[in-house]
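Student: just to be clear, the model below is a prediction. Sequence and coordinates:
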Amino acid sequence: MRDPTRGGIATVAHEIADATGTTVHLNETCIPILDPVRAVCDMLGYDPLYLASEGRVVAILDPASAKLALNRLQGLGYRDAAIIGTVNSGRSRVVLETELGGERILAELEDDPLPRIC
């Protein structure tokens, strides 16, 4: 389990890929991003996958357990809980399947993430 507070989901995915030597494959359409967040990111030119995600958790589960865990989380009221990708054998990298069905490699953050305001 990882906390995506600093560097967002993309940074957590890179940490997992680097630690395991695997390819983390994320599906853009499955990642729950609130419409207001998406709108602000579009206006300011930010990628929401790299933004701090306060109050969220990224958990890596065995595929056989993932659906059960998702159903239980949603049953407890966590409606935004989602299966957002897979971890596959391959070289250490993060790949995003885009809304249009293409793929792009997500780069690691080179600088510090956006400063926290709180």
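Tutor: Received it, and whenever you're ready, just let me know what you need. Every value quoted in this text rests on a predicted model; they were computed, and no experiment measured them.
Student: what segments of the protein are helices?
Tutor: Assigned by DSSP state H, the chain shows helices spanning 8-20, 35-44, 63-75.
Student: and the first one, which residues are buried?
Tutor: Using 16 or more other CB atoms under 10 Å as the test for burial, helix 8-20 gives G8, I9, A10, T11, V12, A13, H14, E15, I16, A17. C-betas here are computed from N, CA, C, even on glycine.
Student: packing partners for it?
Tutor: Judged by 3 or more CB pairs under 8 Å, 6 or more residues apart in numbering; DSSP states H and E, the packing partners of helix 8-20 are strand 23-27, strand 85-88, strand 93-97.
Student: let me have those in JSON lines, extended by mean neighbour count and mean pLDDT.
Tutor: Output for the helices and strands packed on helix 8-20, formatted as JSON lines (neighbours: other CB atoms under 10 Å; pLDDT from 0 to 100):
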{"stretch": "strand 23-27", "mean neighbour count": "20", "mean pLDDT": "98"}
{"stretch": "strand 85-88", "mean neighbour count": "16", "mean pLDDT": "96"}
{"stretch": "strand 93-97", "mean neighbour count": "20", "mean pLDDT": "98"}
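Student: quick one: which of the ones you listed is nearest L109?
Tutor: strand 93-97 (11.4 Å; CB to CB).
Student: got the contact list for E99?
Tutor: Contacts of E99 were listed using CB atoms under 8 Å, 6 or more residues apart in numbering, and they are E28, T29.
Student: how near is it to T86?
Tutor: If you measure E99 against T86 using CB to CB, to the nearest Å, the figure is 18 Å.
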